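> coordinates for the following, if possible.
(chains A and B)
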Amino acid sequence: MTSTAAHTVGRSGTHGREDTTSWVRERGVYIALALVILYNVIFTAHFNQWDTVQLLFAQMPPVLIVSMGMALVIGTGGIDLSVGATMAIASAVLAKFVAPASSHGFGSPIALAIAVALLAGLAVGVFNGAVVAVGRVQPIVATLSLLVAGRGVALVITGGALVELFNPFLKVVRQGQVFGVADVMIVAAAIAVVVSVVVRRTTLGYRLVAIGGNRRAAVLAGVPVRSTLITVYAISGVFAAVAGLIATARLRASDPSYIGLLMELSAITAVVVGGTPLKGGQVRVLGTVAGAVLMQLLQTTLLAHNIPNSVSEMVEALIIVAAVYIQRPSQSAA
Amino acid sequence: MANGVTTTPTLSVRRATKRFGGSLALSDVDLDLWPGEAHALVGENGAGKSTLIKLITGVYQPDSGEVLHHGVVVHFPTPRDAQLHGIQTIYQEVHLAPQLSIARNVFLGREPTRFGTLDLKRMNREAAELLGRYGIAADVRRPLGGLSLGVQQMIAVVRAVSTDASVVIMDEPTSSLEPREVDKLLEVVGLLKEQRVAVVYVSHKLEEVFRACDKITVLRDGRLAWTGAVADTTRRQLISRMLGRDPGELGSGQITHLGRAPVERGEVPVLAAQHLARRFVLDDISLILYPGEVVGLAGLLGSGRSETAKAIVGALALDSGTVEFCGKRFPRSTPASRLRSGVAMLPEDRKVEGIIPELSIRDNIGLAALPMLSRRGFVSRRKQAEIVDTFIMRLHIKATGPEQKVAELSGGNQQKVLLARMLCLSPKVLLLDEPTRGIDVGAKAEVQALIADLAAKGLGVVLISSELEEIVEGSDTVLVLRDGTALGTLFGDEINESAIMTMIAGAAEHDTAELIA
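Model (predicted):
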């Protein structure tokens, strides 16, 4: 009844506003991104250089990859606060397996270490999904537990210290390029493409937005709500682990108290700024990518112009508020 | 009036009309609430009861018409404005803070203070006095959450009255109470009347209405169907007014089961639900359905008709009872597994349990059929388009195209989208809960014709409707329910409105007789 009401209210006068709002909601992030790039092209010295792009390509992959998982989780009407901590756990597992016995590691081959680290991310995700889907705990609370405890787990794994890593493969991850594009960026782009296909073409994608749109209706329509939710949180966990490995390679060390710190907030911001509603029922993959790039570029821009960090944080906050404001439910639907 | 002094009602509603989108939720309704009177508001789901209440309490504003408080026109832009005029509402669920003490709940938001700090002593003393006056024995220092729901409900009432309420609205207050607690609550209603409070009692439990209320207003399809004194009506008349017949027509029973060919009941029923039971909801309901048969579930709101359907599709957990499909027990009791076997349900409330408003017609129709439309997890766009286009044409769904959002469709077309979602699975049993509620006349006729056609082709149908006419015309067999129990079954020529209403009313009279004795 509410939705019909909203529709009719639109017809009888405020249709213009409704249309404008949805137009901005769908394209706002691209317009903002274009404006920031334009500003930089004109006003920032040395912006028009391949180096700028390469720096972005080196910085972006972890947040891009985590945002992809986050976008799926938010599409179900949930949220995953544990992604940053999951990155730290994956990093710690990698360090523990790859480090030589002299620094209390197992000295395993790198392939095994990576596999176990990804499995750890999977385990975290399945745990989150089970708590949400079977335990019916609110997602924000369910994933909060690992946000709080996850870094502790990581510290226990590494023995409480930063572990420096000199693995040749990690150097490849850090420095490798294909046709001048950082290979980690190619991984991130591939993940974005896969997620986009999942959303548009697979039963999983169709079901997860149905759950986010109306969970009770999804249950009665025979959607396997539990397994769908567990799968989505598991994907988010694995993506966070991938991001944790990339961050570790970049840092040349596993530092449980630094890797992935505040990543959950960056990822949520990218998703929301990208136009995916927090209430779920929709996933915007390209928008999320644009949202992540926008926030990163904004930071870089403000830094390049010697704007103090405190001010740049306020600008970021302003953008988040604007994005959430555009998405607020119209009054008649509230 | 008892003392003849009062000449204006405490609160009046005049010609109130409220529209939501294309549908008229309330049309030209009048209501007068007098001090010291309990006024029952009855009607089926969607009759306009809650819309009317929300106009009185400031949740909605009327599109036209007005609300008068002691004869003066008032506007309540927010619920708070209505509360400041002494209008208090008690909801089904207690909206209080369970971890705080009883006394603190009674005084929540207007706590007595002394030198700027909470005057706990005074608060506890006054709360104890109030509770004593209403005959509630409980330690006011204990947390509210530790009490039974019934007592919590009454504390909500005490809280409302202690704010000098002049109107107390009770919305289905007894739906989760034990019989003993119901008695207690009705006593409190009596005390409120003595204090010259105007009580609005919204309930579908007619015996409570007859016990506690002085006047009754019946709403039907958003219109005022009848209003008058309890003494001037009978249970049977009331039921017929709620279900949509004039009492005069009742005895004659002109509208009967249409002359459909009798169903050939084969060896094995397609569905056999036996002894379904769930505390407070269903008490030993059994339903047998053969291929090609339409079994109607008749009864008032709260009779257990929707719950029976939900239990059959696995959406309501049972305390006991079995459901067999084609002679075999269901292995699992989830809607997903029963849907795979071929038992589908059209839910009662299409907004809450049916449509996914922000998704397209295509995604809404294709949702349940995803396993058929996909291979290894990848959805075939081609197969999906085929099915969706077929059903858009077959059910005459009016839309700009399959990509249109379902939220933008009319009620009738939304209902057709949901029917398509279930029919594309080729189910063997279809449970339809209020399939034609809130949809326009044309769409209604189409849906009814479709149901008859499906049954003729061998589908087993369970039809739930609060319109008796729809049940009588469309069913081969009718199971009559009341308060979660089966009152009886009518077959073929025995089916007519009069017979069904006699059954429902008869049981109600019987209950009252027991109470008096």
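> from the middle of its chain, how far away would stretch B:207-225 be?
Chain-centre distance of stretch B:207-225: 14 Å, with CA atoms, centre = their mean, to the nearest Å.
> anything in that stretch near chain A?
No: using CB under 8 Å from any CB of the partner chain, stretch B:207-225 never reaches chain A; the gap is at least 12.2 Å. Backbone N, C-alpha and C define where each C-beta goes, glycine included.
> in terms of pLDDT, where does the residue nearest to B:Thr89 when sequence neighbours are not counted sit?
Using CB to CB, 6 or more residues apart in numbering or on different chains and skipping the chain neighbours, the partner closest in space to B:Thr89 is B:Ile169 (4.4 Å). Looking at B:Ile169, its pLDDT is 93.
> over to B:Ala445?
Listed pLDDT for B:Ala445 reads 80.
> quick one: it from B:Leu454, how far?
The span separating B:Ala445 from B:Leu454 equals 15 Å under the rule CB to CB, to the nearest Å.
> more neighbours, those two?
Each of B:Ala445 and B:Leu454 has its neighbours counted (other CB atoms under 10 Å in any protein chain shown); B:Leu454 has more, 19 against 11.
> pull the contacting residues for the more buried one.
By CB atoms under 8 Å, 6 or more residues apart in numbering or on different chains, the contact list for B:Leu454 reads B:423, B:430, B:461.
> what sits against the residue nearest to B:Thr89?
By CB under 8 Å, 6+ apart, the neighbours of B:Ile169 are B:53, B:56-57, B:87-90, B:199-200, B:202.
> repeat the analysis, applying 7 Å as the threshold.
Applying CB atoms under 7 Å, 6 or more residues apart in numbering or on different chains to B:Ile169 gives the contacts B:53, B:56-57, B:89-90, B:200.
> you'd agree B:Gly292 is in a strand?
No: counting by DSSP: H, G, I helix; E, B strand; the rest coil, B:Gly292 falls outside a strand, being coil.
> what's the closest non-adjacent residue to it?
Excluding its sequence neighbours, the residue lying closest to B:Gly292 (CB to CB, 6+ apart) is B:Gly458, at 4.9 Å.
> helix, strand or coil for that neighbour?
Under three-state DSSP, B:Gly458 falls in the coil class.
> now do B:Val199
When classified by three-state DSSP, B:Val199 comes out as strand.
> can you tell me the number of residues neighbouring it?
Residues lying near B:Val199 (other CB under 10 Å) number 26.
> before we move on, what about A:Pro100?
10.
> check A:Gly78 too.
As a burial measure, A:Gly78 scores 27 neighbours (other CB under 10 Å).
> what residues are bridge-paired with the residue nearest to B:Thr89?
B:Thr89, B:Val200 (DSSP bridges).
> circling back to that earlier point, looking at the contacts of B:Leu454, which are in helices?
Secondary structure from DSSP state H places B:Leu423 of the contacts of B:Leu454 in helices.
> quick check: which of the contacts of B:Leu454 are also close to chain A?
On the criterion CB under 7 Å from any CB of the partner chain, none of the entries of the contacts of B:Leu454 sits beside chain A.
> can you list the contacts of B:Leu454 in CSV and add pLDDT and neighbour count?
Shown next, in CSV, are these (pLDDT from 0 to 100; neighbours: other CB atoms under 10 Å in any protein chain shown):
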residue, pLDDT, neighbour count
B:Leu423, 93, 24
B:Leu430, 95, 24
B:Val461, 95, 23
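> tell me the helix or strand right after the helix or strand harbouring B:Glu129.
For B:Glu129, the host element (DSSP states H and E) is helix B:120-133. Sequence order places helix B:149-161 as the next helix or strand after helix B:120-133, per DSSP H and E.
> which residue of chain B lies farthest from its centroid?
B:Phe115 (48.9 Å; CA atoms, centre = their mean).
> need phi/psi at that one.
When read as degrees, to the nearest 10, the backbone of B:Phe115 gives phi 50, psi 40.
> closest to chain A among the contacts of B:Ile169?
Using CB to the nearest CB, B:Ile53 is the member of those that lies nearest chain A, at 15.1 Å.
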